[in-house]
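Trainee: Sequence unavailable; structure follows:
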C-alpha cells in the first residue's frame, strides 16, 4: 500500500509544496483511478477541470470574496471530497462546477463542455443536505421523478432503466418501501431515496452537498457504505462536500482541503486505502494517519 500522500498548496503560486509521504506495505491496484499518477503530476486527461476560478458575492453593498484562484482536476469515476470549515466556499465551488453559479473569473469544463452545456446534456445528479422528496409521491415515483420530468436532450445522458433502478432500490434496502410516502419514512430512509434518485438519472457526475449532515452518527455511517456501493456499481464521478474528516477519508480517492477568506484549496490528500472500503478500515493505522494529516491541514488554516 502506498502511504498517505499530501500536498500543501502554496497560496502565492497555487502550486504543490512539499509532499508528505508515509510508507506502508504494498496494496493491490483495485482502485478505479491511479491516485499516485494524479498526485505525482503524470499526464492524465481530466474529466472535470477547474482552472483559476474566482467568485465574489455582493452583500449590503460590499464585495465578499468567496473563491480565489481555485484549481482542481478530477478524473472520470473518481470520488473527491471538498473538506473545510463553514464559509470556505465548498458549496459555492460545487455549484460553479454544476453550472448553478457563474464564476467571475477562471474556467470550468466537464468532459470538454462548459457547466451550462453539461447541465443541458444532463451530466449532473444532485443530492442536497435536505432530502427534498416530493411529499405526494411514493418512493418509486420520487426516484423516477427527475428522469421523467423532461425528455432527454440531443447528446444528453440516458437515465437508468427500470431494472437498473429496481436494483439500486434493492441495494439500499427499499424494495419493500417502493409504495411508501416520504412522511412514512425515517430521515435515514428518506436520504436513501435521495441517493438512489441522484444515481437514477444516469448522469456521469453526482454532486453531493453535505447529504448526511442531518443524520445521527450510526445512520450516517451506514449511509457512507451504501453510497460507496452505489458508486462502485455505477462508475459515477462524485464530488462530495463535508465537514467530517473521517467521512472524507473513508469515502474518497482524494480530499481537497479548503481554506476560507477567501476560499481556496490549501492541500490535496490522496487516500491510500484499498477498494472496496470497509468499516474495518476505520481501525487501521493508514486511516488514522490520513485523519491526522487532514486535521493538521485544517488546523494550519486557523493558525
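Mentor: Ah, there it is. This one's a predicted model, so the numbers in the text were calculated from it and none came from an experiment.
Trainee: okay but residue 206 is in contact with residue 236, surely?
Mentor: Yes: Residue 206 is in contact with residue 236 according to C-beta atoms under 8 Å; the separation is 4.9 Å. C-betas here are computed from N, CA, C, even on glycine.
Trainee: Looking at those two now, which is surrounded by more residues?
Mentor: Between residue 206 and residue 236, counting by other C-beta atoms under 10 Å, residue 206 is the more crowded of the two (24 against 21).
Trainee: Would you enumerate the residues in contact with that one?
Mentor: Neighbouring residues of residue 206 by C-beta atoms under 8 Å, 6 or more residues apart in numbering: 124, 125, 126, 127, 198, 199, 231, 236, 237, 238, 239.
Trainee: Show me these that map onto strands.
Mentor: Among these, DSSP state E puts 124, 125, 126, 127, 237, 238, 239 in strands.
Trainee: What pLDDT is listed against the fifth one?
Mentor: Listed pLDDT for residue 237 reads 98.
Trainee: Can you tell me the closest non-neighbouring residue to it?
Mentor: In this structure, residue 237 finds its nearest non-sequential neighbour in residue 205, 4.8 Å apart by C-beta to C-beta, 6 or more residues apart in numbering.
Trainee: What's the local residue count around that neighbour?
Mentor: For residue 205, the neighbour count with other C-beta under 10 Å is 22.
Trainee: May I have the beta-bridge partners of it?
Mentor: Beta-bridge partners recorded for residue 205 (DSSP bridges): residue 124, residue 237.
Trainee: Tell me if I'm right that it and residue 124 touch.
Mentor: Yes: Residue 205 is within contact range of residue 124, at 5.2 Å (criterion: C-beta under 8 Å).
Trainee: hey, what's in contact with both of the two?
Mentor: Joint contacts of residue 205 and residue 124 (C-beta under 8 Å, 6+ apart) are 98, 118.
Trainee: Now find how far off-centre stretch 193-200 is within its chain.
Mentor: Distance, stretch centre to chain centre, for stretch 193-200: 14 Å (C-alpha atoms, centre = their mean, to the nearest Å).
Trainee: actually stretch 284-294, not the one I typed
Mentor: From the chain centre to the centre of stretch 284-294 is a distance of 20 Å (C-alpha atoms, centre = their mean).
Trainee: buried sites along that stretch?
Mentor: Judged by neighbour count (16 or more other C-beta atoms under 10 Å), stretch 284-294 contains these buried residues: 286, 287, 289, 290, 291, 293, 294.
Trainee: Let's see which of these end up in helices.
Mentor: The helices, defined by DSSP state H, take in 286, 287, 289, 290, 291, 293, 294 from these.
Trainee: Report the contact partners of the last one.
Mentor: Neighbouring residues of residue 294 by C-beta under 8 Å, 6+ apart: 83, 245, 248, 249, 255, 257, 269.
Trainee: quick one, helices of the chain?
Mentor: For the chain, helices defined by DSSP H occupy the ranges 35-40, 90-97, 115-120, 139-149, 162-171, 187-200, 217-234, 245-251, 285-302.
Trainee: got JSON lines for those helices, with distance to residue 275 too?
Mentor: Below are the helices of the chain laid out as JSON lines (distance: least, C-beta to C-beta, whole Å):
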{"stretch": "helix 35-40", "distance to residue 275": "11"}
{"stretch": "helix 90-97", "distance to residue 275": "24"}
{"stretch": "helix 115-120", "distance to residue 275": "26"}
{"stretch": "helix 139-149", "distance to residue 275": "26"}
{"stretch": "helix 162-171", "distance to residue 275": "17"}
{"stretch": "helix 187-200", "distance to residue 275": "18"}
{"stretch": "helix 217-234", "distance to residue 275": "7"}
{"stretch": "helix 245-251", "distance to residue 275": "11"}
{"stretch": "helix 285-302", "distance to residue 275": "13"}
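Trainee: Identify whichever of the ones you listed lies nearest to residue 55.
Mentor: Proximity to residue 55 (C-beta to C-beta) singles out helix 90-97 among the helices of the chain, at 5.8 Å.
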